[in-house]
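Novice: Provided below for reference: sequence and predicted model.
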Amino acid sequence: MIVYILCFLLFLIGLYGVVVKRNLIKIIISLAIMEYSVNLFLIMVGYISAGQAPIINEEVSRTGPFVDPLPQAMILTAIVIGLATTSLLLAIAIRLYGKYGTFDIRKINHLKG
Amino acid sequence: MNSLVPLFVIVPLGSAFLMVIFGRLIKHLSKILVTMMLLFLLYLTFYFLYNVTEPQIYEVGGHAARNGVPIAIYLVIDGFSKLLLLIISLIGFLSALYALSYTRQYTAEPKFYILFSLLIAGMNGLVISGDIFNIFVFLEISSIAAYALVAFGIEREQLEASFKYQVLGGVASLIILLSIGFIYWQTGTLNMADISAQVAGTGVFFKFVAVLLITGFGLKAAIFPFHSWLPDAHSSAPSPISAMLSGVVIKAIGIYVILRLFFNMFAINYEISMTITVLGALSMIIGSLLAIGQWDIKRMLAYSSISQIGYVILGVGIGMLVLVRGGDIKIAALAITGGLFHLINHAVFKGLLFLGAGAVEYRTGTRDMRKLGGLNEVMPVTASSSLIASLSISGVPPFNGFFSKLIIIIAAVQAKYYFLALLAVIVSIITIGYFMKLQKYTFFNKNVNFPKIREVPFSMAFSQILLAVLCLGLSLLVIPDVQKIFLKPAVDALINSTAYARVILGY
């Protein structure tokens, strides 16, 4: 149970960073932390202690329990999506730096909100 | 018949790839391809609307269900999906038509259409997927395309709005992924029909998951406490994209999923229906109050979107409440019909208003109402179509907005929610107020600054005229026979909430 709580704590740390931090790069890092915590959670959902790798062929004995492969497939997809979002965020942050000369969101306030 | 289902994703994705490969070699390929693609999707949607009554199920990879447990990823087209597919392809087609002239101001035109096709592919995939993780994947495809499109002009405000949109959208996506993880943890399946069979007894755990899901998709749909990104993103985007974002995206990736999950996946319960109705009513009021003070045309329209989305949610929420209380099913059907009718109408008139605002910006270079004025003499098509859309959104008969609001109000009165009915009337009056402001300052008054501008190019004017005709034409949806084709299947899919799982699981 403790691992789930720690994982949720990691999620909250990421959320805290997104809400509180004023630097664009730090916000992006916080989002990445949130993403890792969710991926970690999904992996833990499918994990069985002392479970085997979910590959079925003749050589692997089929006696023991297997870990659930579906969450692994899911986080592989989620990681790829995360790569796309993070790279897009960084590209926009670099463009913003080019326009404003700063990463501080207090100085990037053209819009009223 | 069901082998046609994946075409809704394959065609836009495929044309996006063709544009990436051949876009630089052949001039105008991307423009031709995007128009043909959307015309084909429109045809396909109408084919499904007229000829197919049963829900169509396609199992990706051809893995059939074993012992009644679905294994493959399911693509499902039922009545509700068809309604959304119609809105996506219709508004998508008209926005693309408009964009043909509008994007001449950008240097990388083919890239615009690549992203546009990806946006369409993502939304189409989302509304036809019957699998909750697949919903997340398609949600991200369309969201990433939307983030990039908002920043397409790479000016200061576009970049800033896009960053804000991405951070909030990213948090929303992660909350959604987390709740998908929770659901999988508890049920061991991702198929929505299979989940709905297992969560019949709703415990505290699923209420927690429901709250997470409302937060996540509420952020995507910009419902009241989560609306702060919408005015920036929707007003900074290129105008055809604003029309898509306000008209289609927030409905497909927000409202559609909320309704699908809470009608067809979770059993409808009182707390959730009440939360949804209250959030709808709040966004309806707050959105309209914030819209009054705006001087930027597109910002005003963006705030108005929040308010009109509130109407849709209010209508459907009243339907949910009636169903939960075991009230008359006809009243529930009427309320949901009103909500979904307003969903189509809002796509049409808000699309038209954004295209009109884009036309004004295209010729004058400003969106500030205080600098504009008297444009109805120099831009007659834009002015008259924008006037029709304004009348329609304010609920003036005989335009479509009047009928959908009327149905929602009648349903609220019949369900004895008099306060909500009163709120809907008051917000409608406020709406008339700020649209009169928009019309007066932009198109009437005296033309001081821009006496010599011309009407916009043909493709832009043409799509505006078509949408204006639709504003009037959609009023026909109050006739029961017409409703039977377009709205009734969607309403039935929501009212018979357990039928969805029954058809897919096959019992």
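Specialist: It's in.

Novice: the nearest residue to B:L44 once chain neighbours are set aside: how many residues sit nearby?
Specialist: Excluding the flanking residues, the one nearest B:L44 by CB to CB, 6 or more residues apart in numbering or on different chains is B:L7, at 6.3 Å. Just so you know, the C-beta spots here come from the backbone N, C-alpha and C atoms, and that holds for glycine as well. If you count neighbours by other CB atoms under 10 Å in any protein chain shown, B:L7 ends up with 15.

Novice: what does the one 4 residues further on give?
Specialist: Applying other CB under 10 Å, we find 20 residues neighbouring B:V11.

Novice: how about the residues of chain A that lie near chain B?
Specialist: Counting by CB under 8 Å from any CB of the partner chain, the residues of chain A close to chain B are A:11, A:15, A:18, A:24, A:27, A:31, A:34-35, A:38, A:41-42, A:45, A:70-71, A:74, A:77-78, A:81, A:84-85, A:88-89, A:92-93, A:95-96, A:99-100, A:108-111, A:113.

Novice: show the buried residues in the residues you listed.
Specialist: Buried residues within the residues of chain A next to chain B, defined by neighbour count using 16 or more other CB atoms under 10 Å in any protein chain shown: A:11, A:15, A:18, A:24, A:27, A:31, A:34-35, A:38, A:41-42, A:45, A:70-71, A:74, A:78, A:81, A:85, A:88-89, A:92-93, A:95-96, A:100, A:108, A:111.

Novice: inside helices: which ones of the residues of chain A next to chain B?
Specialist: Among the residues of chain A next to chain B, the residues falling in helices (DSSP state H) are A:11, A:15, A:18, A:24, A:27, A:31, A:34-35, A:38, A:41-42, A:45, A:70-71, A:74, A:77-78, A:81, A:84-85, A:88-89, A:92-93, A:95-96, A:99-100.

Novice: any idea which element B:W185 lies in?
Specialist: Following DSSP states H and E, one finds B:W185 within helix B:156-187.

Novice: check whether that helix comes near chain A.
Specialist: Yes: interface with chain A: helix B:156-187 contributes B:156-157, B:159-164, B:166-167, B:170-171, B:173-174, B:177-178, B:180-181, B:184-185 (CB under 8 Å from any CB).

Novice: what subset of those is buried?
Specialist: B:156, B:159-164, B:166-167, B:170-171, B:173-174, B:177-178, B:180-181, B:184-185.

Novice: list the contacts of the most centrally placed residue in chain A.
Specialist: Centroid-nearest residue in chain A, with CA atoms, centre = their mean: A:E35, separated by 1.7 Å. A:E35 makes contacts with A:G14, A:A78, A:G82, A:T86, B:L174, as judged by CB atoms under 8 Å, 6 or more residues apart in numbering or on different chains.

Novice: OK, contacts around the last one?
Specialist: Residues in contact with B:L174, defined by CB under 8 Å, 6+ apart, are A:F11, A:L31, A:M34, A:E35, A:V38.

Novice: apart from its neighbours in sequence, what residue is nearest the second one?
Specialist: Think A:L31. Per CB to CB, 6+ apart, closest to A:L31 is B:G170, 5.0 Å.

Novice: could you double-check that that neighbour sits in contact with A:S30?
Specialist: No: using CB atoms under 8 Å, B:G170 is not in contact with A:S30, being 9.9 Å away.

Novice: how close does B:A197 sit to chain A?
Specialist: 18 Å (CB to the nearest CB, to the nearest Å).

Novice: next: B:P397.
Specialist: Distance of B:P397 to chain A, computed by CB to the nearest CB: 36 Å.

Novice: and the nearest residue to that residue once chain neighbours are set aside, what does it touch?
Specialist: The shortest distance from B:P397 to any non-neighbouring residue, by CB to CB, 6+ apart, is to B:F403 (7.8 Å). Neighbouring residues of B:F403 by CB under 8 Å, 6+ apart: B:F341, B:P397, B:S475, B:L477, B:V478.

Novice: and B:I297, by the same measure?
Specialist: The contact partners of B:I297, by CB under 8 Å, 6+ apart, come to B:A357, B:V360, B:E361, B:R367, B:D368, B:M369, B:L438, B:T442.

Novice: report how many residues lie close to the fifth one.
Specialist: Taking other CB under 10 Å as the criterion, the count of residues near B:D368 is 12.

Novice: and the gap between it and B:A121?
Specialist: For B:D368, the distance to B:A121 (CB to CB, to the nearest Å) stands at 36 Å.

Novice: ditto for the fourth one
Specialist: From B:R367 over to B:A121 the distance is 30 Å, taken as CB to CB.

Novice: the two: which has the busier surroundings?
Specialist: Each of B:R367 and B:A121 has its neighbours counted (other CB under 10 Å); B:A121 has more, 24 against 21.
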